[in-house]
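K.L.:
Fold the following for me, if possible:
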Amino acid sequence: MKWLIPILLILLAGLQYRLWVGEGSLADVVRLNEEIQTQAVENEKLRERNRILAAEVGGLKSGLDAVEERAREDLGMIKPGETFFMVVEPASK
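P.N.:
Next comes the predicted model:
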């Protein structure tokens, strides 16, 4: 009987050590939950970016308006018969 109490105390200490410090401890669980929340925020940003890109791809596939807009903005193209005017701002002193 006198050996039972020390054995139980050692067993309790071992279990407490694992609960507070070891793998799967409470601190480990808290850290993992914080990482999950951070990743969820990043995933939401990436979903929004993907949604915007998918809408842009859909616009480019479905009609010529998006293609024309891209050509005008990115390449500086104009339609036949249009006149191009470039406004140059005077240099400030």
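K.L.:
Packing partners of the strand or helix carrying Ala40?
P.N.:
Element membership for Ala40, per DSSP states H and E: helix 26-62. Secondary-structure packing of helix 26-62 (3 or more C-beta pairs under 8 Å, 6 or more residues apart in numbering; DSSP states H and E): helix 4-20, helix 64-75. Just so you know, the C-beta spots here come from the backbone N, C-alpha and C atoms, and that holds for glycine as well.
K.L.:
now the angle between helix 26-62 and the helix or strand of the chain with the lowest mean pLDDT, please.
P.N.:
Lowest by mean pLDDT, DSSP states H and E among the helices and strands of the chain is helix 64-75, with a mean of 79. Between helix 64-75 and helix 26-62, the angle comes out at 100 degrees (axes from the mean of the first three to the mean of the last three C-alpha atoms, to 10 degrees).
K.L.:
Identify the residues contacting helix 64-75?
P.N.:
With C-beta atoms under 8 Å, 6 or more residues apart in numbering as the test, helix 64-75 has contacts from Glu56, Gly59, Leu60, Met77, Ile78.
K.L.:
Nearest residue to the third one in space, please, no chain neighbours.
P.N.:
Think Leu60. Nearest residue to Leu60, sequence neighbours excluded (C-beta to C-beta, 6 or more residues apart in numbering): Ala66, at 4.9 Å.
K.L.:
Good, we can wrap up now.
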